[in-house]
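Participant: Turn this into a model:
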Amino acid sequence: MLIQTESKAQGWRAVAVFDDRADALIFVGRSSTQVRQEYVEAYLELLDDEERDHVTTIQLQQWSGAPDAGRWVHKANLKVPTPVKARLAA
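Facilitator: The predicted model follows:
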């Protein structure tokens, strides 16, 4: 029996890369466009000021392979929201 919980796979994500700790998942979406549109709001909601100070980059990654056997592939770096831009987006 096949149980499908998603109408379409969530194949893209934004990941914050820190200079002093493990990476953190920021947002998962169905397209690179969706991730690019939503990651700033998720960044502001998920990370506090101290964590934001240690973010070096935000990577846009795409899932490559079968749903149960694949890996995340780095596609691009997204802009790390600056405090001024972050306040305006909120």
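Participant: shouldn't Ala14 be in contact with Leu60?
Facilitator: Yes. Ala14 sits in contact with Leu60 when judged by CB atoms under 8 Å, with a separation of 6.0 Å. (C-beta placed from N, C-alpha, C; glycine too.)
Participant: Now do the shared contacts for these two.
Facilitator: Listed as contacting both Ala14 and Leu60 by CB atoms under 8 Å, 6 or more residues apart in numbering are 35, 78.
Participant: so where's the protein shaky on pLDDT?
Facilitator: Counting by pLDDT under 70, the chain contains low-confidence ranges at 1-10, 83-90.
Participant: can you pull out the strands in it?
Facilitator: Along the chain, counting by DSSP state E, strands occupy 12-18, 24-29, 55-66, 69-78.
Participant: Now do the third one and strand 12-18, the angle between them.
Facilitator: What separates the directions of strand 55-66 and strand 12-18 is an angle of 140 degrees, with axes from the mean of the first three to the mean of the last three CA atoms, to 10 degrees.
Participant: that older thread, which one's more surrounded, Ala14 and Leu60?
Facilitator: Using other CB atoms under 10 Å, the more surrounded residue of Ala14 and Leu60 is Ala14, with 23 against 19.
Participant: how near is that one to Glu41?
Facilitator: Ala14 sits 11 Å away from Glu41, going by CB to CB, to the nearest Å.
Participant: Also Ala76?
Facilitator: 19 Å.
Participant: Between these two, point out the one with more neighbours.
Facilitator: Taking other CB under 10 Å, Ala76 and Glu41 do not tie; Glu41 has more neighbours (15 against 11).
Participant: Quick check: buried residues in stretch 71-85?
Facilitator: 78, 80-81 (16 or more other CB atoms under 10 Å).
Participant: So which of those residues is the closest to Phe18?
Facilitator: Using CB to CB, Val80 comes nearest to Phe18 of these, at 11.0 Å.
Participant: can you tell me which residues contact His73?
Facilitator: That one is not His; residue 73 is Val. 61-64.
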